[in-house]
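# Got a sequence here, can you build the structure:
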Amino acid sequence: MEQLLHFLYDNLAQELNKVLRGKEKRFNSLNNELDVLQTVLTLSKSQKEMIRLFESSGVDKSILIYQFSKEQLEECVKHNYIIQGSTINDNKYFIGLYGLYYFYSLQEISVSESFQALDEIRFKNEALSLKIQEKIWCIFLILFCAHSEDNKLDTTKLSHNELDRYFSFLKTIEMVIHKNGLYLGKVISWGTGKDSSFRKFITNNVMLPKTGFYFDRPTNNYYLDLTKRKNAIFLLNLILDNYDGAERILANELLKNSLRELSNSILIDLSVIPGEINEYIIEELS
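Just a heads-up that it's a prediction; the model follows:
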């Protein structure tokens with residue numbers, strides 16, 4: 001039975017080497033050979049693609065019976081070490097994940113690296129870096145005191161005219177920030193693509209939803225969770241990531257001044273009475 005599993009293991013290894021790109025392959029740290037289990041566990045492919053990949057390494061039933069024996073084949077199937085192909089490949093058998101695990105144990109090959117690699121892929125901590133559009137949107141939410149679920153920004157009742165004015169205010173935020181000497185990123189190309197309207201602009205984000213403190217509801221309600229000081233610190237570090245040391249101290253002051261100026265502009269530009277900016281944000285900028 002072990003020989004049959006070895007045969008199907010080698011077939012799968014050959015198939016992986018043939019069809020996968022270099023960065024998709026994982027290698028054993030001891031002998032630098034392809035680690036089949038680690039490779040298949042960490043592959044980023046759909047279920048359909050994975051089935052096709054495994055089935056392509058399958059071997060015809062008659063060949064397996066001829067080279068090994070019917071008894072060995074039936075024993076492997078009985079214990080779910082090998083899997084029968086589907087549809088047009090139902091005459092073929094290939095080694096599955098459980099079969100790989102069992103084969104590794106027979107060969108006394110450690111599987112710890114495979115699961116460590118899986119953890120690295122599944123729970124990877126990405127370095128977050130916000131685009132200027134995301135930073136401007138965060139500043140907008142700060143100014144509108146959308147700093148908790150109870151104080152979310154509800155845009156469901158905004159008219160087209162109000163949405164246009166809110167969009168103009170996003171432009172004002174960038175203008176004031178730049179006028180006060182803060183650099184948050186390259187200048188926005190207003191009027192093009194997702195930067196052409198309020199609704200589109202606020203969806204122009206990649207990393208913001210991954211921060212854990214940003215929430216966008218299907219009902220067009222938005223807020224930042226700034227109920228904890230650490231969240232405010234994290235947000236400010238993302239907004240002012242171009243500054244550190246003494247420059248960061250100055251940047252804090254410039255951002256605080258910009259927030260005050262923009263808060264005053266809310267009443268003039270939007271006829272909306274501004275609220276109190278989040279206390280943790282103000283304290284961290286002071």
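# Going along the chain, name the strands of the protein.
Secondary structure of the chain, counting by DSSP state E: strands at 59-60, 82-84, 92-95, 153-154, 214-216, 221-224.
# what mean pLDDT does the fifth one have?
Over the span of strand 214-216, the pLDDT mean works out to 91.
# circling back to that earlier point, highest mean neighbour count out of the strands of the chain?
Of the strands of the chain, the one with the most neighbours on average (mean count of other Cβ atoms under 10 Å) is strand 92-95, at a mean of 24. In short, each C-beta sits where N, CA and C put it, glycine included.
# will you turn the strands of the chain into JSON lines that also has distance to I142?
Converted to JSON lines, the strands of the chain look like this (distance: least, Cβ to Cβ, whole Å):
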{"stretch": "strand 59-60", "distance to I142": "62"}
{"stretch": "strand 82-84", "distance to I142": "54"}
{"stretch": "strand 92-95", "distance to I142": "55"}
{"stretch": "strand 153-154", "distance to I142": "11"}
{"stretch": "strand 214-216", "distance to I142": "12"}
{"stretch": "strand 221-224", "distance to I142": "7"}
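# so which of those comes closest to L182?
Comparing the strands of the chain by their distance to L182 (Cβ to Cβ), the top pick is strand 221-224, with 19.0 Å.
# Mind giving me the packing neighbours of that closest one?
In terms of contacts (3 or more Cβ pairs under 8 Å, 6 or more residues apart in numbering; DSSP states H and E), strand 221-224 is packed against helix 132-143, strand 153-154, strand 214-216.
# And for it, what's in contact with it?
Applying Cβ atoms under 8 Å, 6 or more residues apart in numbering, the contact partners of strand 221-224 are 138, 141-142, 146-149, 151-156, 202, 213-216, 231, 235.
# How far off centre is it?
Put simply, strand 221-224 sits 20 Å off its chain's centre (Cα atoms, centre = their mean, to the nearest Å).
# do the same with stretch 116-131
Counting by Cα atoms, centre = their mean, stretch 116-131 is centred 8 Å from the centre of its parent chain.
# Mind listing what's buried along that stretch?
Within stretch 116-131, the residues scored as buried using 16 or more other Cβ atoms under 10 Å are 117, 128, 130-131.
# So what touches it?
Residues outside stretch 116-131 that contact it (Cβ under 8 Å, 6+ apart) are 26, 38, 41-42, 44, 138, 185, 204-208, 210-211, 238-239, 241.
# My read is that L158 contacts Y166, right?
Yes - with contacts counted by Cβ atoms under 8 Å, L158 reaches Y166, the gap being 6.9 Å.
# Of the two, which one has the most company?
The residue with more neighbours, out of L158 and Y166, is Y166; 22 against 16, by other Cβ atoms under 10 Å.
# from memory that one sits against R199, does it?
No - the criterion here is Cβ under 8 Å, and Y166 misses it with R199 at 9.7 Å.
# what's the closest non-adjacent residue to K61?
Residue nearest to K61 in three dimensions, not counting chain neighbours: N91, with 5.5 Å by Cβ to Cβ, 6 or more residues apart in numbering.
# For the one you found, give me its contacts.
Applying Cβ under 8 Å, 6+ apart to N91 gives the contacts 60-62, 85.
# from those residues, which ones fall inside helices?
Among the contacts of N91, DSSP state H puts 61-62 in helices.
# Compare the contacts of N91 and tell me which is most surrounded.
Within the contacts of N91, most neighbours by other Cβ under 10 Å means G85, with 19 neighbours.
# In JSON lines: the helices and strands packed on strand 221-224, plus distance to L53.
Formatted as JSON lines, the helices and strands packed on strand 221-224 follow (distance: least, Cβ to Cβ, whole Å):
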{"stretch": "helix 132-143", "distance to L53": "37"}
{"stretch": "strand 153-154", "distance to L53": "46"}
{"stretch": "strand 214-216", "distance to L53": "36"}
